[in-house]
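K.L.:
could you look at this predicted model? Sequence included:
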Amino acid sequence: MIRLDEFLRQTAPLTDAAGFALAYPHTALTLRVPTGGAAPAPAKQVSLNDTLDDEGVAALLGDPLDRTHVAFLVKSERNPFGNIISVGRAATNDVCIEHSSISKVHAVFTCVGASWKVSDRKAKNGLYVNRVQLDPGASAALEDGALIALGTQVEGTFHTPKGLWGFLELVRMRERTRR
């Protein structure tokens, strides 16, 4: 995973979606990960419905850039299992999220052709897709912009390369207006 602020600097020379997709051809998750191993209690109770908008970017855009991360869904040598991309707390996952609310293997992503799906690995704190909690062991199809929540602390959005470029452009626009 790479912090969003670092990724924005890294991708600054790219000027269009086509060039970005050539440089970064993989799907990705943008994730809001609370700092520290366990998230502090929020000042007010909020639900996933309150924090994520229909586009899946409002909560991420409202956070400081160093709290949002980009995680590419790419198979690593750490995971010995076939065509799945695993996400969880254990270092053997393709995407490792070191947070106490994340299960050792929280979810797995698979791609057949151009179609992606995510499967719950019976995670203790659940897996949500577009605000709907999946049953333990169940799967859901994913499209660009799908909201993903790993439990109730780590949440974000699934992006195709084109969708990630659009998200980065929104962040850059927000940063220009803040200056």
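P.N.:
Here it is on my side, so go on. Numbering: from 1, shown residues only.
K.L.:
verify the stated contact: Ile2 with Val70.
P.N.:
Yes. Judged on CB atoms under 8 Å, Ile2 makes contact with Val70 at a distance of 5.3 Å. Just so you know, the C-beta spots here come from the backbone N, C-alpha and C atoms, and that holds for glycine as well.
K.L.:
more crowded one of these two?
P.N.:
Neighbour count, other CB atoms under 10 Å: between Ile2 and Val70, Val70 has more, with 23 against 13.
K.L.:
I'd say that one and Trp165 touch.
P.N.:
No. Val70 lies out of contact with Trp165 (CB under 8 Å); the separation is 11.7 Å.
K.L.:
which residues of this protein fall in helices?
P.N.:
Applying DSSP state H to the chain gives helices spanning 4-11, 17-23, 48-51, 58-62, 161-178.
K.L.:
okay if I get those helices as CSV plus mean neighbour count, distance to Leu29 and mean pLDDT?
P.N.:
Listed next are the helices of the chain as CSV, based on neighbours: other CB atoms under 10 Å; distance: least, CB to CB, whole Å; pLDDT from 0 to 100:
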stretch, mean neighbour count, distance to Leu29, mean pLDDT
helix 4-11, 16, 12, 94
helix 17-23, 14, 16, 95
helix 48-51, 13, 15, 42
helix 58-62, 17, 11, 52
helix 161-178, 16, 9, 92
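K.L.:
and those helices as CSV, adding distance to Cys111?
P.N.:
Below are those laid out as CSV (distance: least, CB to CB, whole Å):
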stretch, distance to Cys111
helix 4-11, 22
helix 17-23, 16
helix 48-51, 25
helix 58-62, 23
helix 161-178, 13
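K.L.:
right, so of those helices, which gets closest to Arg121?
P.N.:
Closest approach to Arg121 among the helices of the chain (CB to CB): helix 48-51, 19.4 Å.
K.L.:
next up, the contacts around Leu31.
P.N.:
Residues near Leu31 by CB atoms under 8 Å, 6 or more residues apart in numbering: Met1, Thr68, His69, Val70, Ala71, Ile97, Ile148, Leu150, Val154, Glu155, Gly156.
K.L.:
what distance do you get for the fifth one to Met1?
P.N.:
Going back to what we said before, that points to Ala71. In this view, Ala71 and Met1 are 4 Å apart by CB to CB, to the nearest Å.
K.L.:
with the fourth one instead?
P.N.:
Using CB to CB, one obtains 7 Å as the distance from Val70 to Met1.
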